[in-house]
Structure formats: C-alpha cells, structure tokens
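> using only what follows, build the 3D model:
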Amino acid sequence: MTAQVLVTAFQRPPIDWHAVAPEIVLLAFGSLVTLLDLVAGERVRAAMASLASIGLVATMVPIVTLAVDGTDRVTFGGAFVVDEYALVMKTVFLFAGYVVVLMSTNYIAEGDYWENEYYGLLLTSVLGMLVMASARDLISIFVALELLSIPAYLLATWRKYDLKSNEAGLKYYLMGVFASAILLYGLSLVFGATGSTLLADVGSALAATGDTPDAALVLGIVFVVVGFAFKVSAFPFHTWAPDTYEGAPTPVTAFLSVASKAAGFVALMTMVLVAFQGRDDVYQPLLWVLAAASMTAGNVMALRQRNVVRLLAYSGVAQAGYMLAPLAVAGLSASTADHALSATVTYLVIYAAMNLGAFAVVIALARKTRSADLESFRGAFQYAPGLTVLMTIFLFALAGIPPLGGWFAKFRIMAVLIEAGTGWGAVLAVVVAVNSVIALYYYGRIASRMWVEEAEDPAPVSVPPALTVALGLTAIVTVAVGVSPQFVGHFTDVSLLASSLGS
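Model prediction:
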C-alpha cells in the first residue's frame, strides 16, 4: 500500500506534448547553439545566425499544426493554455525574433563580439516570450517574464568595451529587477487575497469580493499593473528606455522595442482581462492615466531628440500609450473586453513590422555614416533612395497615415474607445487623435531631412543580403496590412475569456 502511494505521488502529471511542441523545438535549437559554442567555438561562428534562423522557422511548424487543429488546449492544470490568442502572439514573437536575427547577422559578425552566445541568449529570450503567450498562472507568468528578461539584460550590454553599452545594460538590469520586485510583491498580495495562482480562479475570487475589495488586494492589482508598466516602458516608468536603446547594439534595441514590449503587453492583457476582470474599478482609472500620460509625454519628449534611436525610444513610449488605451475601457463588458484585446493585438502585430523596419533602415544607413544622429540622415535620398523610401513608409506607418498599416492599428483603437460609449473613452480617443498629429511632426522631420537636404557624402550604401531580407519582410507586412486590413483583422479577432475561464 505504501509503495502504491509513493508511485502515485511521483507519477508525472499528464502533459499535452502537442501544446508545448513550439517551446520544445525552440529549446532544442537554443540548447544546440549553446552546445556548439562550448564544443566547437570559433569553428562554427559563421553558422550561428543560420542555425538560429532555422530554429525560429522550425518552431513555426508546430504552431501551424496547432492552428490547423483549431482546438484550445489546456495543460499543467490550467497554467498553460494554447488558444488563438496564444498562437497569434507566438507567431509575432517568432517573426520579430527572425527579423532581429537577420538584422544581427552582419552587425554582430563584423563587430568584436561573442557571436555564438548572442544567438543562444536571443533564442532563450524568445522562448520566454512563447511561454508568456500561453501562461495562465501567476507563477508561470513570472517565470516566463524572468526567462525573457535575464538574457535581454545581457544582450543590452553586448558591446562589452563600450561604456554606453555597459551603462545601457546596467540601467536596464537595475530597473528591470526593481520592476520584477514590485510585480512579485503585487502577485503575492493577489495570491494571498484569493488563495490561488490560476488566473481563472483569481478572476472568480475577485468577482466575488463585492463593492469593497480588501485594501491589500487593491494594492496588489496596482503593483502588478505598475510592474508591467515598467516592462512596456509606459510613462512615468520609461526612464530606462532612452539610454538603454541608445547604448545597446541596434538589433538588440529593435528586439527590446518590439518583442520585449509585446511580451509585457501579453502578460498585462492576460492579467487584466482574465484575473482582474471583476475589479475594473481598480485597474481602469490607472490604465487610463498611464495611456494618456504615455502618449502625451512620449510624443512631447520625442520632439526634442537629435538622435534617431532616442527619438524612436520616446516614440515607443507613445506607442505604448496607444496600446494601453483600449484596456482602459475593457472592463465595461465581455464584448468590450474582446474588442479591446483584438485592437491591442492588432496594434502589436502591425507595430512589430513597422518599428523593426525603421530600426533596420537605421542599421543600414549607419553602415555608411557610423552614426544615428539626425544630422547623419541628411540627403539620404541622394545615395540610398531605396532606404529613404522604406524609411518614409515605416515612419508614416508609425504616424498612422493611410494606406500604410499604422492607420488600421489606430483605427481599431479609436473604434473601441468610441464604441465603449463612455465619456472617459471619448476623451481618450481625442487624446489619441491629438497625439497622432504631434507624432506626425517629428516623423515628418526625419523624412524631410532624408528627401530634401543635401548629402555631405554621396557615396552609396552597401546593404547585406540578410538585412535586405529583413527590410523586405517588414515593408511587405506594413504595406499589405494597410492595403488589405481585413487579412490581419481576421487573425487578430481573438478572445481570452472563453478559453481561460472555461478551463
């Protein structure tokens, strides 16, 4: 009898291997990259970028099979869920990771860097993002967040002999640890108030607290939202972003500005729409203030920047505000929550393409100018007309100018805010519109320098094949979504409530 009890106690819990197949495939390739680094070292350095790219593409295979299957999968006792929302976000993370690898191929190979470790850390961070997309438990969310963040701290300081890069990594690490501590304290308060780590159970417990929730619970919700506000660089928790973006290697900056930000939003949306849905009276005012402040402060600070990377960093703060806006009205009803989720996911998909494309152009032009200062973009049309056209596309897409993809992203957000039918939603829609006009000024200023002014050196720019592919992929997505928005809209009309609460 005792032996039978011991066997039962140590039995492996049932695992849906198909559900976790994308994570297993990426883990296998990340382990292979690390193993080859230890065994072969410099002999396989040239193959690391290709191996990382193959790993990211191979990870798409089980995602496609899961999408074709069409069944929501729940494993690990409800802590890990694979639904349409998770599959869409995993695809975004893999796309962003693949583009960053293409952007890194020549950048890292031509620098004095340890290339093998770079790609191993990059794949590990993407693995954390894949786990985050399916995490439906307080513990799995925190583990995924640390899995994606710790490699990112190292990547930010990858130029080991550059003081700016060291400063970038240190600031990112210190602020990241501070944010993780706040988040973890908030999660512990939520667990203490509800008695469960499963988000579905937390949501049910919060809905039953009535009109007067416990003060510790309110503090826990606020701390969780603030912790993720650090991760998505929302104002006033953005202070690490400009210096980190400027000091980190540019491909890493692109990775942080898109993939890392998207992962933070995935976790925030999951917490708000599943765990905190019953306490919209707590999180909605906070998200409203964060959205309005991030849009306004980010755009105003971007107006003063003379470095394009820092400008894009403050632009990222404003973009975080746009993406937070739908969540500020998500608690009105289940249908509004679904529309808010779809609007934010749509924005994340389009933002990934247009922002990665803008950073790819910065990398390409810096091969000639060795600078990201705004002055170095003068007259770019004379020696790099193709890059100038592409940069104009990405900048105007970020500004929301039709027929480029950004207009549809902002349209979805404005539609949710207006359809909410509340005064605070309408005011926030006005804030979005006003800030879109402000942003057009500094985006247009970059384009004007490139098209109108005279170049000091008309010698052409040589763009490596890998970087050309990255530019092509991002440009195609940016333009195609703007011309045919119903295509991306079909895939981003997703729901969190049905699969998570039904589990």
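> for the chain, what spans make up the strands?
Taking DSSP state E to define them, one finds strands in the chain at 73-75, 80-82.
> number of residues surrounding Thr422?
Applying other Cβ atoms under 10 Å, we find 16 residues neighbouring Thr422. Every C-beta, even on glycine, is put in place using the N, C-alpha and C of the backbone.
> how near is it to Gln277?
As judged by Cβ to Cβ, to the nearest Å, Thr422 and Gln277 stand 17 Å apart.
> re earlier: same list (the strands of the chain) but as a markdown table, adding mean pLDDT and mean neighbour count.
A markdown table is the format used below for the strands of the chain (pLDDT from 0 to 100; neighbours: other Cβ atoms under 10 Å):
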| stretch | mean pLDDT | mean neighbour count |
| --- | --- | --- |
| strand 73-75 | 85 | 19 |
| strand 80-82 | 88 | 26 |
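> can I get those in JSON lines including distance to Val222?
JSON lines is the format used below for these (distance: least, Cβ to Cβ, whole Å):
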{"stretch": "strand 73-75", "distance to Val222": "29"}
{"stretch": "strand 80-82", "distance to Val222": "26"}
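> closest one to Val25 among those strands?
Ranking the strands of the chain by proximity to Val25 (Cβ to Cβ) places strand 80-82 first, at 14.0 Å.
> show me what the closest one is packed up against.
With contacts defined as 3 or more Cβ pairs under 8 Å, 6 or more residues apart in numbering; DSSP states H and E, strand 80-82 has these neighbours: strand 73-75, helix 115-134.
> now do 6 Å
Judged by 3 or more Cβ pairs under 6 Å, 6 or more residues apart in numbering; DSSP states H and E, the packing partners of strand 80-82 are helix 115-134.
> who's in contact with the helix it packs on?
By Cβ atoms under 6 Å, 6 or more residues apart in numbering, the residues outside helix 115-134 that reach it are 22-23, 26-27, 30, 33-34, 37, 45, 48, 52, 80-82, 86, 89-90, 93, 97, 108, 144, 147-148, 151-152, 154-155, 263, 266-267.
> quick one: buried ones out of those residues?
The neighbour-count test (16 or more other Cβ atoms under 10 Å) applied to the contacts of helix 115-134 identifies 22-23, 26-27, 30, 33-34, 37, 45, 48, 52, 80-82, 86, 89-90, 93, 97, 108, 144, 147-148, 151-152, 154-155, 263, 266-267 as buried.
> which ones among these map onto helices?
The members of the buried ones among the contacts of helix 115-134 that map onto helices under DSSP state H are 22-23, 26-27, 30, 33-34, 37, 48, 52, 86, 89-90, 93, 97, 108, 144, 147-148, 151-152, 154-155, 263, 266-267.
> tell me which residues in the longest helix along the chain are buried?
Taking DSSP H as the criterion, the chain has its longest helix at helix 334-369. By 16+ other Cβ under 10 Å, the buried positions in helix 334-369 come out as 336-369.
> that one: how far from the chain's middle?
Relative to its chain's centre, helix 334-369 lies at 8 Å (Cα atoms, centre = their mean, to the nearest Å).
> so who does the spatially most central residue of the chain touch?
The chain has Ala262 as the residue nearest its centroid, 1.9 Å off, counting by Cα atoms, centre = their mean. Taking Cβ under 6 Å, 6+ apart as the criterion, Ala262 is in contact with Leu348.
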